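here's my sequence, what's the structure:
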Amino acid sequence: MLPEDVEAAAARLTGVAVQSPLQRNDRLSALTGADIWLKREDLQPVRSYKLRGAYNFLAQLTPEQRAAGVVCASAGNHAQGVALGCHLLGIKGSTFLPRTTPRQKRDRIAALGQGQIDIRAVGDSYDEANAEAAAFAESIGAPLVPAFDAVDTIAGQGTVTRELIGQLGRVPDVLVVPVGGGGLLAGTIAWLAGESAAPRLVGVEPAGAASMAAAVAAGRPVPLDSLDTFVDGAAVWQVGELTYDLVRGSDVELVTVPEGAICSEMIELYQSDGIIAEPAGALAITALAGLSDLAGATVVAVVSGGNNDLSRYPEIIERALVHQGLKHYFLVEFPQEPGALRSFLDHALGPDDDITLFEYTKRNNRETGPALVGIELAHREDLDGLLHRLADLPLNVERVQPDHALFRFLI
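Below you'll find the model as predicted:
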């Protein structure tokens, strides 16, 4: 794949994808000691960079292929790009989404398609939806629009890097991009092959869906043993063959970030910068604090998407508090007698600790009863004091760790 493919994609996208802003971020610059710039792909018409690859693919279909309609699988953002492309080009399409796709993304797909798109929710992950989409496309003889593993899709995504270098006026010292199936990273590598200078290229994956790192370690694309779908825009069981081939021949530095850290950064982006980022959209930025040797460097990080469902914010806040060490859960065996709870509150809690959850049902035929207690701290350093006070109580107290099965009912 050549830089010329990306250049041709940029010409096709004229008047369809906007030139998204490249904005300096003072907060992140102060945090890292670097000159941090954000490429705001969340401000595309479909609120993500996925429009670029989807439209570039659709625009090159033959009249016969367009007449047959198109099919795609997506976690939500690619389908929005396909939906808008189908509307603009007059193509009928069917999109297969995981059942976990947020309602906000489903509604946007329908609105962007303006009657051109049939939406089907199947499976629990992108890969399951993709298998259904491929089978359906074959059964009706329609083209499948790949979310990442196709030359035309990759070329379209590569226009993000082409554009940001033009806006900055040079290749940045460090370029940080999110990685799901690998389309944006592969497109970036394709475009940089034609540049005289090479940046330090960093690809960022969610810790629970690091499929590109797994492929690099295995020497080929391989399915993950397990998948955390929280970062839905970047959660794939297995990366593409084409994307992997481009990545393995590059000097890209792959890093992972915990989902809780992503949630913390999403909140910072919203409260400090006024940026509404979805989990995948905050991936690249989350990695900045952990990267070494950034002082004095010019760094560009891609905000890849802003399709976040408002109903997800309680979970985002909860995950962030747990990651920051401010939220903790305990199972406490209380004697079923008057004053037991008051005694617990008086002796266990510090002056700034807060009870955020208390689930308890009295059983008259038992001497003790378990309660699920959630405690929020003002400072993570207060945890040692809380644990010591709990240990001194004449009660059986079990801390519920994040890897405990019960935790899945809390978050």
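
all the helices of the stretch 101-250 of the chain, in order from the start?
Remark: helices assigned in the stretch 101-250 of the chain by DSSP state H, counting those that start in this stretch are 103-113, 126-140, 151-168, 183-192, 211-218, 241-248.

how close does the closest residue to residue 83 other than its chain neighbours sit to residue 244?
Leaving aside its chain neighbours, residue 83 sits nearest to residue 113 (3.7 Å; criterion: Cβ to Cβ, 6 or more residues apart in numbering). From N, CA and C alone the C-beta is placed, and that goes for glycine too. According to Cβ to Cβ, to the nearest Å, residue 113 and residue 244 sit 31 Å apart.

try residue 49
Taking Cβ to Cβ, one finds residue 49 at 20 Å from residue 244.

so where do the strands sit in the protein?
In the chain, the strands defined using DSSP state E lie at 22-24, 35-40, 70-73, 93-97, 117-121, 174-178, 200-206, 253-257, 298-303, 327-335, 354-360, 368-376, 396-400.

can you redo these as CSV with distance to residue 156 and mean neighbour count?
Listed next are the strands of the chain as CSV, based on distance: least, Cβ to Cβ, whole Å; neighbours: other Cβ atoms under 10 Å:
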stretch, distance to residue 156, mean neighbour count
strand 22-24, 19, 15
strand 35-40, 15, 23
strand 70-73, 14, 28
strand 93-97, 17, 26
strand 117-121, 19, 16
strand 174-178, 15, 27
strand 200-206, 18, 25
strand 253-257, 22, 19
strand 298-303, 14, 25
strand 327-335, 41, 19
strand 354-360, 45, 13
strand 368-376, 44, 18
strand 396-400, 45, 14
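
which of the helices of the stretch 101-250 of the chain sits closest to residue 382?
Each of the helices of the stretch 101-250 of the chain has some distance to residue 382 by Cβ to Cβ; the shortest is helix 211-218, at 35.2 Å.

got any ranges where the chain has weak pLDDT?
Along the chain, the parts satisfying pLDDT under 70 run over 362-367, 411.

and the residue nearest the centre of the chain, what does it touch?
What sits nearest the mean C-alpha location of the chain, by Cα atoms, centre = their mean, is residue 280, with 2.1 Å. Contact analysis of residue 280 by Cβ atoms under 8 Å, 6 or more residues apart in numbering lists 77, 178, 180, 206, 231-234, 304-305.

nearest to residue 257, of these?
For the contacts of residue 280, the nearest to residue 257 is residue 206 (6.6 Å; Cβ to Cβ).

so who does the closest residue to that closest one other than its chain neighbours touch?
Nearest residue to residue 206, sequence neighbours excluded (Cβ to Cβ, 6+ apart): residue 231, at 4.0 Å. Counting by Cβ under 8 Å, 6+ apart, residue 231 makes contact with 206, 208-209, 259, 262, 279-280, 283.

which of those residues sits closest to residue 336?
residue 259 (38.0 Å).

tell me how far residue 60 lies from residue 370.
Taking Cβ to Cβ, one finds residue 60 at 62 Å from residue 370.

number of residues surrounding the closest residue to residue 92 other than its chain neighbours?
Distance criterion Cβ to Cβ, 6+ apart; nearest residue to residue 92, sequence neighbours excluded, is residue 69 at 4.1 Å. When neighbours are counted by other Cβ atoms under 10 Å, residue 69 registers 18.

just to check, residue 69 is in contact with residue 95?
No - using Cβ atoms under 8 Å, residue 69 makes no contact with residue 95, being 11.2 Å away.

out of the strands of the chain, which comes closest to residue 153?
Closest among these, once you apply Cβ to Cβ, is strand 70-73, at 10.1 Å.

who touches the closest one?
54, 58, 61, 78-79, 82, 86, 91-97, 126, 129-134, 136-137, 140, 142-147.

which of those residues are buried?
Burial by neighbour count, judged by 16 or more other Cβ atoms under 10 Å, picks out 54, 58, 61, 78-79, 82, 86, 91-97, 126, 129-130, 132-133, 136-137, 142-147 from these.

related to what we said a few turns ago, tell me who's in contact with the residue nearest to residue 83.
Per Cβ under 8 Å, 6+ apart, neighbours of residue 113: 83-84, 86-87, 93.

identify the farthest-apart pair in the residues you listed.
84 and 93 (10.5 Å).

the closest residue to residue 402 other than its chain neighbours: neighbour count?
Excluding the flanking residues, the one nearest residue 402 by Cβ to Cβ, 6+ apart is residue 322, at 6.3 Å. By other Cβ under 10 Å, the residues close to residue 322 number 19.

now swap in the one 4 residues further on and tell me
The number of residues packed around residue 326, counting by other Cβ under 10 Å, is 17.

please apply the same query to residue 124.
12.

same thing with residue 151?
When neighbours are defined as other Cβ under 10 Å, residue 151 has 19 of them.

so it touches residue 1, yeah?
Yes - between residue 151 and residue 1 there is a contact at 5.8 Å, judged by Cβ under 8 Å.

so what's the closest residue to residue 232 other than its chain neighbours up against?
Leaving out its chain neighbours, the residue that sits closest to residue 232 by Cβ to Cβ, 6+ apart is residue 75, at 4.6 Å. Residues near residue 75 by Cβ under 8 Å, 6+ apart: 97-98, 101, 105, 126, 129, 147, 180, 232-233, 235.

from residue 173, how far off is residue 75?
From residue 75 to residue 173 the distance is 31 Å (Cβ to Cβ).
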